[in-house]
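J.: Attaching a predicted model along with its sequence, questions to come.
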Amino acid sequence: MTDHRAIAEKLQRIPTTLAADLLKDCDVFERSATGFRPITSGTTAFAGPARTIAFLPGRPELRLRKAPPLHFTEIDALEPGEVLVLAAGGAEQGALLGDMLATRAKARGAAGAVVDGAARDLAGLDESGLPVFARGLAPMAAHATLIPVASQCPVRLGDVTVLPDDWILADGDGILVLPRALVDLVIERHDAASVKERFSRHLLVTGFALAEVFPLPTALEPFLQRIAATDEMPDQAAVRRALGAPALPGGQTRDAKRPGA
């Protein structure tokens, strides 16, 4: 059993909009699933590796599988931190997820669920505590109308493909489907961008002009590694030397008032 919580906690703090910006060189349009909305209240952002289940429209041959249904088995086998992905091609003639399945998924430690189809039992879903995204709602369960036929397999989620071991990042702005390598990359880029942003903000507060330090000039990037490691900011004289500007007398900032001003 793999503990995904440390990575998920870092990833889910990154808004999908910012993650998309940080990964704009990585074919992000092929990784953004649109047309889904959060249908549960409270916190909606979640992240974790996908556990996929594919559904097909019902027909007699597909109904011969003995109980329990495949999606019951997969939900019972969920590992902590996984995201349940129920893929029915957007079909909404019956709900794939209701309060009982959501309750069991939450009890297994699921981070959330994405339903490419309909869900139901809104009050019960809220009570389960499992964040759920879906295409829509339907009062009746799918039962024979949509049959689970495969799990931990490639599935279509909206207009994108989800592969086994892909990660899901979901919030109110949308859903991103990321292979593990891109999860690590977006976290790394976000951490670096956060340090850079904190450095720029510090410089602005201590008297540097916008044109000097925002966006952060390349000349100041050598300071970032030390800031990331120690959280200590360089003194103004060092910053001005790096910028090629003379230090102000007496350690004054550019915005400091002159005597008598």
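T.: Cool, the structure landed.
J.: can we go C-alpha only for contacts and neighbour counts from here?
T.: OK.
J.: I'd like to know how many residues surround Phe133.
T.: 27 (other C-alpha atoms under 10 Å).
J.: distance of it from Leu96?
T.: Per C-alpha to C-alpha, to the nearest Å, Phe133 is found 12 Å from Leu96.
J.: what residues are shared contacts of those two?
T.: Shared contacts of Phe133 and Leu96, defined by C-alpha atoms under 8 Å, 6 or more residues apart in numbering, comprise Val115.
J.: Check which residues of stretch 172-190 are buried.
T.: Residues Gly174, Ile175, Leu176, Val177, Leu178, Pro179, Leu182, Val183, Val186, Ile187, His190 are the ones in stretch 172-190 that count as buried (16 or more other C-alpha atoms under 10 Å).
J.: The first one against Thr44, yeah?
T.: Yep, that's Gly174 we're talking about. No - Gly174 is beyond contact range of Thr44, at 10.4 Å (criterion: C-alpha atoms under 8 Å).
J.: hmm, back to that, give me the subset of the buried residues of stretch 172-190 that lies in helices.
T.: Counting by DSSP state H, these place Leu182, Val183, Val186, Ile187, His190 in helices.
J.: what's near enough to touch the first one?
T.: Leu182 is in contact with Leu23, counting by C-alpha under 8 Å, 6+ apart.
J.: just the helices in this structure please.
T.: 5-12, 16-22, 70-76, 99-107, 122-128, 180-205, 210-213, 224-230, 236-243.
J.: And the third one, what does it pack against?
T.: The contact analysis (3 or more C-alpha pairs under 8 Å, 6 or more residues apart in numbering; DSSP states H and E) places helix 70-76 against helix 99-107, strand 146-151.
J.: what's the least confident stretch among these?
T.: Note on the helices and strands packed on helix 70-76: strand 146-151 shows the lowest mean pLDDT, a mean of 94.
J.: And the contacts of it?
T.: Under C-alpha under 8 Å, 6+ apart, the answer for strand 146-151 is 51-58, 62-63, 69-71, 74, 88, 94, 96.
J.: Please spell out the ChimeraX selection for the buried subset of those residues.
T.: Command for ChimeraX that selects the buried part of those, burial taken from 16+ other C-alpha under 10 Å:
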select :51,52,53,54,55,56,57,58,63,70,71,74,88,94,96
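J.: Looking at the contacts of strand 146-151, which are in strands?
T.: Among these, the ones falling in strands (DSSP state E) are Arg51, Thr52, Ile53, Ala54, Phe55, Leu56, Pro57, Leu96.
J.: Out of these, which comes closest to Ala209?
T.: Lowest distance from Ala209 to the ones in strands among the contacts of strand 146-151 (C-alpha to C-alpha) belongs to Arg51, with 49.6 Å.
J.: ok, that closest one touching Pro80?
T.: No - in this structure Arg51 lies outside contact range of Pro80 using C-alpha under 8 Å: 11.1 Å.
J.: Could you dump the ones in helices among the buried residues of stretch 172-190 into JSON lines with distance to Leu204 and pLDDT added?
T.: Listed next are these as JSON lines, based on distance: C-alpha to C-alpha, whole Å; pLDDT from 0 to 100:
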{"residue": "Leu182", "distance to Leu204": "32", "pLDDT": "96"}
{"residue": "Val183", "distance to Leu204": "31", "pLDDT": "96"}
{"residue": "Val186", "distance to Leu204": "26", "pLDDT": "96"}
{"residue": "Ile187", "distance to Leu204": "26", "pLDDT": "95"}
{"residue": "His190", "distance to Leu204": "21", "pLDDT": "92"}
